[in-house]
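# Sharing a model that was predicted from the sequence below.
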Protein chains: 2
Amino acid sequence: MGNRSRVIRSEKFRWAGVPALPYRDRPDHYRGVVRHVLLGGGEAGERLTFQTRYFEVEPGGYTMLERHGHPHAVVVIRGAGTARLGDDDHAIGPFDCVYVAPDAVHQFRADRGEALGFLCIVDRVRDRPRPA
Amino acid sequence: MGNRSRVIRSEKFRWAGVPALPYRDRPDHYRGVVRHVLLGGGEAGERLTFQTRYFEVEPGGYTMLERHGHPHAVVVIRGAGTARLGDDDHAIGPFDCVYVAPDAVHQFRADRGEALGFLCIVDRVRDRPRPA
């Protein structure tokens, strides 16, 4: 492990050795979301300045409506749902990309009858989200 | 455009307004590869310190066997192929992740009868690859 090249195998949107973590420490602000830190997490020791995470929202679930100073790069890889960006809702599906600008209010919802799974890449060092 | 939140729609592994670019200016070192800069390219003005690119290797194609100081975070999203990391080959398929450590020799090959498509995230400011 550590700072060596490696492959992390995926099966059914789970990854070998990567735990499903609670999405957030504010359970009153979201529903049915798990978080997987695929690359760039502190423990694995990769020399990445950014983290690649996978979030999965179960049908009917949603992430926190929030804002923060760091931007997000998002790529949907599973299912369908809605991205709220500012005051607007956008239907999203596989491989759509979403850019969340600094301080933009945003939320991801699995509101179309299936799970919504997406990669979300952020700076490793970043500010904390705030409920919007 | 510019530094505003937005969705970039995908259809069949192409993205609205995102051109398919030549992979590299060294056509003698690779075969059948196109590059799409999805997020964090200079022109779009997003405030991202990293770039999210999509590379697609046609069946029988391969990227340059190369090394560089910056690490790669890779997530396969289409097809199947092989990742060479150092002296080892690894079969890869959908949603497998690959970490390429600084200065590791690496190559991606679509050598399993289908195209290989993967996201590759890198620092926006980075050193140039060198043929290995």
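It's in. Computed from a predicted model, the values in this text were never measured in an experiment. Residues are numbered from 1 along each chain as shown, chains lettered A, B, ... in the order given.
# Counting neighbours, what do you get for residue A:11?
11 (other C-beta atoms under 10 Å in any protein chain shown). All C-beta spots, glycine's among them, are computed from the backbone N, C-alpha and C.
# now residue A:107: how far from residue B:110?
According to C-beta to C-beta, to the nearest Å, residue A:107 stands 37 Å off from residue B:110.
# Which of those two has more residues huddled nearby?
residue B:110 (25 against 17).
# Can you list the low-confidence ranges for chain A?
A:1-2, A:42-45 (pLDDT under 70).
# Am I right that residue A:28 is in a helix?
Yes - checked against DSSP: H, G, I helix; E, B strand; the rest coil, residue A:28 lies within a helix.
# What's the local residue count around it?
Neighbours around residue A:28, by other C-beta under 10 Å: 8.
# One more: residue A:128?
By other C-beta under 10 Å, the residues close to residue A:128 number 8.
# Tell me, how many residues neighbour the residue nearest to it when sequence neighbours are not counted?
Closest residue to residue A:128 apart from its sequence neighbours, by C-beta to C-beta, 6 or more residues apart in numbering or on different chains: residue A:68 at 6.7 Å. For residue A:68, the count of nearby residues is 18 (other C-beta under 10 Å).
# Contact partners for residue A:68?
The contact partners of residue A:68, by C-beta atoms under 8 Å, 6 or more residues apart in numbering or on different chains, come to A:102-103, A:126-130.
# do that again at 10 Å, thanks
Contacts of residue A:68 were listed using C-beta atoms under 10 Å, 6 or more residues apart in numbering or on different chains, and they are A:100, A:102-104, A:106, A:122, A:126-130, A:132.
# tell me the angle of the longest strand seen in chain A relative to strand B:50-62?
Under DSSP state E, the strand in chain A containing the largest number of residues is strand A:50-62. Inter-element angle recorded for strand A:50-62 and strand B:50-62: 100 degrees (by axes from the mean of the first three to the mean of the last three C-alpha atoms, to 10 degrees).
# What are the buried residues along strand A:50-62?
Buried residues in strand A:50-62, defined by neighbour count with 16 or more other C-beta atoms under 10 Å in any protein chain shown: A:50-58, A:61-62.
# before we move on, what about stretch A:98-117?
For stretch A:98-117, by 16+ other C-beta under 10 Å, it's A:98-102, A:104-111, A:115-117.
# Can you give the distance of it from its chain's centre?
Distance, stretch centre to chain centre, for stretch A:98-117: 9 Å (C-alpha atoms, centre = their mean, to the nearest Å).
# What segments of chain A are strands?
Counting by DSSP E, the strands of chain A are A:6-8, A:10-11, A:14-15, A:21-22, A:31-39, A:50-62, A:66-67, A:72-79, A:81-85, A:88-92, A:97-100, A:106-109, A:116-123, A:130-131.
# Need these in a markdown table (columns: distance to residue B:92).
Output for the strands of chain A, formatted as a markdown table (distance: least, C-beta to C-beta, whole Å):
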| stretch | distance to residue B:92 |
| --- | --- |
| strand A:6-8 | 6 |
| strand A:10-11 | 9 |
| strand A:14-15 | 13 |
| strand A:21-22 | 24 |
| strand A:31-39 | 14 |
| strand A:50-62 | 15 |
| strand A:66-67 | 34 |
| strand A:72-79 | 15 |
| strand A:81-85 | 27 |
| strand A:88-92 | 26 |
| strand A:97-100 | 22 |
| strand A:106-109 | 27 |
| strand A:116-123 | 16 |
| strand A:130-131 | 38 |
